[in-house]
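> Got a predicted model here, sequence first, then my questions.
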Amino acid sequence: MTTTRRRTAGAAIGVVFGVVLCWSGMSSPVVIRQALLFQSSYLYLFFASAVGTATLGLWLLRRHERRALLANTKLTWPRERPERRHVVGAFIFGVGWGVADACPGPIATQIGMGVWWAVFTLIGVVGGVYYFLRQSSVETEPAAAPSPSPSTSPARA
C-alpha cells in the first residue's frame, strides 16, 4: 500500500472515529460528567460494548494470524505483567479525565464542537507527551565517552 493510500485510509478512519465519538456522546462533557458522578450508566454500557467488540475482534485476529492493514506487519500481542508504571499511568489518566471531562480521544471532537476549554486540555496532553518523550530520551541515551585528558592523549607523547 502506498504512503498516500495509507494516509488517506488513516484519515478516513480518524473521521469515522470522530463522528462516532460525537454521535455517541463520548465527547460531550455533560455525558462524561454524569458518568463520573455515577448519575448515568450510558457511558459504562458504551464502554462495555466496545470491550466486547474488541474482545471478539482480537480473538478472530489471533485465530487467523492476520497482518495489519495499513502497515503490512504481522500482528503480535506480547504479554506483560502489570507494573508500577501501568498503575501510575492509569491513576494520572483517571485524574486527568475527571478534571478535564475528556480523555485524549475526544479532544479534537470537542474543539470541533466549540468546547473552547478543550484547547487547554489539548495543551496539557501535548505538554505531557513532550515531557514523557523528553524524559524517555534522556533515560535511553548512552553516556558520552569521556574525552581523553591532555596528559594521557597518545598524540601528545
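Happy to help now that I have it.
> what sits up against the one helix or strand Val125 maps to?
Assigned by DSSP states H and E, Val125 belongs to helix 118-140. By C-beta atoms under 8 Å, 6 or more residues apart in numbering, the residues outside helix 118-140 that reach it are Gly96, Ala100, Ala102, Pro104, Ile107, Ala108, Gln110, Ile111. (C-beta placed from N, C-alpha, C; glycine too.)
> what comes up buried for it?
Judged by neighbour count using 16 or more other C-beta atoms under 10 Å, the buried positions of helix 118-140 are Ala118, Thr121, Leu122, Val125.
> how far does that helix sit from the chain's center?
12 Å (C-alpha atoms, centre = their mean, to the nearest Å).
> in stretch 36-53, what's buried?
For stretch 36-53, the neighbour count (16+ other C-beta under 10 Å) marks Ser40, Leu43 as buried.
> what's the distance between the spatially closest residue to Pro104 that is not a sequence neighbour and Leu75?
Distances taken as C-beta to C-beta, 6 or more residues apart in numbering place Val125 nearest to Pro104, at 5.5 Å, with adjacent residues excluded. Going from Val125 to Leu75 by C-beta to C-beta, to the nearest Å gives 27 Å.
> Same question for Arg5.
Arg5 sits 20 Å away from Leu75, going by C-beta to C-beta.
> okay, these two: which has more neighbours?
Shown here are Arg5 and Leu75; by other C-beta atoms under 10 Å, Leu75 has more neighbours (14 against 10).
> Helices of this structure, residue ranges please.
Secondary structure of the chain by DSSP state H: the helices cover 3-24, 29-36, 42-64, 84-100, 107-113, 118-140.
> Who are the packing partners of the third one?
Using 3 or more C-beta pairs under 8 Å, 6 or more residues apart in numbering; DSSP states H and E as the contact criterion, the secondary-structure elements in contact with helix 42-64 are helix 29-36.
> Next, report how far the helix it packs on is displaced from the centre of its chain.
Per C-alpha atoms, centre = their mean, the centroid offset for helix 29-36 relative to its chain is 21 Å.
> And for it, what's in contact with it?
25-26, 40-44, 97-98, 101-102, 110, 115.
> mind redoing it with 10 Å?
Identification of contacts with helix 29-36 by C-beta atoms under 10 Å, 6 or more residues apart in numbering yields 24-26, 28, 39-47, 94, 97-98, 100-103, 106, 110, 113, 115, 117-118.
> ok so, going back, filter the contacts of helix 118-140 down to the buried ones, ChimeraX style.
The ChimeraX selection below is limited to those of the contacts of helix 118-140 classed as buried (16+ other C-beta under 10 Å):
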select :96,100,102,104,107,108,110,111
